[in-house]
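Chemist: quick one, what's the 3D model for this:
(one chain, ligands or ions: 1)
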Amino acid sequence: MTRTINVLFLAAEADPFIKVGGLGDVSGALPRELRALSNDEIKLDVRLVLPHHPAVKAENLRPLELFSISRGETEVGVEAFETDLDGMPVYLIGGEPIRANGSVYSLDASKDADKYVFFSMAAMELPKHINWQPDVVHANDWHTALSLYINLANRWEAGAKHVAGVLTLHNMPFMGSDVSAILASYGVKLAQTDLPEWARVLPLPLGLWASDAIVAVSPGYAGEVLTEEFGCGLNEFMVLRRETLSGVLNGIDTVSFDPATDKALSVNYNIHTLKRRAENKELLQEKLGLARNPNIPLLGIISRMDVQKGVDLAFTALKNMKRIDFQAVILGTGDPKLEEAAQALQTLFPDKIKAELRFDAAFARQIYAGADMILMPSRYEPCGLAQMIAMRYGCVPVVRAVGGLKDTVIPNETGFIFEKAHHMSLVSAIKAAMKILPNREKWETLQRNGMARDFSWEASARKYLNLYRALVK
Ligand code: ADP
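Modeler: As a prediction, this is how the structure comes out:
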């Protein structure tokens, strides 16, 4: 007999409805991958719930019957819609608190507090209105973490069904802001938790506390959140919860990110036709206005301009490579100071360095296909997708030994790794790579090793399936 596990998957964003960052990629891909694992023995009925942000793009929206949640003396209306994505039911939850501040994320998390508390409350009410009960609620990051706290509170009610809670941790430092007053306004009491005092009013810690399983987005990050360096003040609490903590790597969309078929490239290639990749390097050099020369090492940075990503270290490293023949392209947007620094670097080395300060998905693909190496000197990196995409395109990653970077790049086999978050450590790693680069045979071995790695979602989705199974046993 087929057994069914119902999973309500909650996220602030999911491709193709709305995508701001990596969370959108994950929430767009993982629920569908999970459903695809269904077989005669087990059926995974995963359903996605998203806020109906004003910028959401969705077709065939079918309104659900209006419902409301009580907030003191008033009732806040929940305008929910149903649609589907490759056969997966998707629910969009709208209402005044979601409309009120139009963006998905604000720089100041307190501006998003009302929206995500409302969303979490409404999402936990939703099953009653769709005649479907989850066995697992799977939340992601601080925005939806409170759903797990509410789920646990529901469980305390007499006769309530046991619904397991899973929280995937994509980025620990972002915990949300003090929501105690907002929760109180909805009549939700704060429990006595064993969290540090400052954390007892924040969505992410409350979600961690209430979850049955915590998943970090790489095994490396799962280890790091237990430490003082990366645990953001919750390390001792995480140590207490380590039995429920695991690490599952994110995957990449290997159909979309495939150099053999990628429409953004002028010249497609695969592991057997790697020599053709050289044409992409020349085209990239030409597009950037750099010397067309196959022998000059071409370095790429494709990243949010953020200190997390260590782009400042990369800039200082490049500045320190005055006497070395190289070219570099920086594609990214973000912190204005870092954007300025990238621009200044281009002014300093106009023949060597190009700063392209915009978000440009097609251009990113051309860089993955044309640059010799990609630099990722991250200060912390829960998983990281860019290094996986780079390897798939035969672009050799030079990364710091941290989080998911350490888990996905094999030193001197698929890329180059350095330990210290210091520009000179990065310079040494770049130099080590540059030493191999002229030896085409050795370099192609590195490229092929990376291209042969399997970064698809399937293996990761299976790990989540096993987790759900263990939780609903
Ligand atoms: P994070 O989610 O922390 O920003 P990841 O490495 O996990 O970093 O994912 C970043 C993704 O965004 C990668 O696919 C990368 O190629 C892409 N990206 C980052 N900056 C840009 C940009 N300016 N233009 C196009 N793509 C970008």
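
Chemist: what residues does this protein have near the ligand?
Modeler: The chain comes close to the ligand at residues 21-22, 302-304, 331-333, 359-361, 364, 384-386, 389, as judged by CB under 6 Å from any ligand atom. In short, each C-beta sits where N, CA and C put it, glycine included.

Chemist: and those residues, which two are furthest apart?
Modeler: Between any two of these, the greatest separation by CB to CB is 19.4 Å, found for 360 and 384.

Chemist: the two: which is more packed in?
Modeler: Between residue 360 and residue 384, counted using other CB atoms under 10 Å, residue 384 has the larger neighbour count: 32 against 16.

Chemist: quick check: chain neighbours aside, which residue is closest to that one?
Modeler: Computed as CB to CB, 6 or more residues apart in numbering, the closest residue to residue 384 that is not its neighbour in sequence is residue 404, at 4.7 Å.

Chemist: so that neighbour makes contact with residue 252?
Modeler: No. With contact taken as CB atoms under 8 Å, residue 404 and residue 252 are classed as non-touching, separated by 11.7 Å.

Chemist: and these two? Which one has more around it.
Modeler: When neighbours are counted by other CB under 10 Å, residue 404 and residue 252 differ, and residue 404 comes out ahead with 27 against 19.

Chemist: give me the number of residues near residue 199?
Modeler: By the measure other CB under 10 Å, the count of residues near residue 199 is 18.

Chemist: and it, what does it touch?
Modeler: For residue 199, the contacting residues are 175, 205, 233, 234, 237, taking CB atoms under 8 Å, 6 or more residues apart in numbering as the criterion.

Chemist: show me which of the residues of the chain next to the ligand is closest to the ligand.
Modeler: Nearest to the ligand, judged by CB to the nearest ligand atom, of the residues of the chain next to the ligand is residue 22 at 2.8 Å.

Chemist: show me the contacts for the spatially closest residue to the closest one that is not a sequence neighbour.
Modeler: Sequence neighbours aside, residue 385 is the residue nearest to residue 22 in space, at 5.8 Å (criterion: CB to CB, 6+ apart). By CB under 8 Å, 6+ apart, the residues touching residue 385 are 22, 25, 250, 252.

Chemist: just checking, the last one touches residue 393?
Modeler: In other words, residue 252. No. Applying CB under 8 Å, one finds residue 252 not in contact with residue 393, separated by 10.8 Å.

Chemist: who does residue 63 bridge with?
Modeler: Following DSSP bridges, residue 63 is listed with bridge partners residue 81.

Chemist: neighbours of it, how many?
Modeler: Residue 63 is flanked by 11 other residues according to other CB under 10 Å.

Chemist: what sits against it?
Modeler: 79, 80, 81.

Chemist: repeat that for residue 109.
Modeler: Counting by CB under 8 Å, 6+ apart, residue 109 makes contact with 142, 174, 175, 176, 177.

Chemist: ok, of those, which come out buried?
Modeler: With neighbours counted by 16 or more other CB atoms under 10 Å, the contacts of residue 109 contain buried members at 142, 175, 176, 177.

Chemist: packing partners for the helix or strand where the first one lies?
Modeler: Read that as residue 142. When secondary structure is defined by DSSP states H and E, residue 142 falls within helix 141-155. Here helix 141-155 is seen to pack against helix 113-130, strand 136-140, strand 164-169, helix 203-210 when contacts are counted using 3 or more CB pairs under 8 Å, 6 or more residues apart in numbering; DSSP states H and E.
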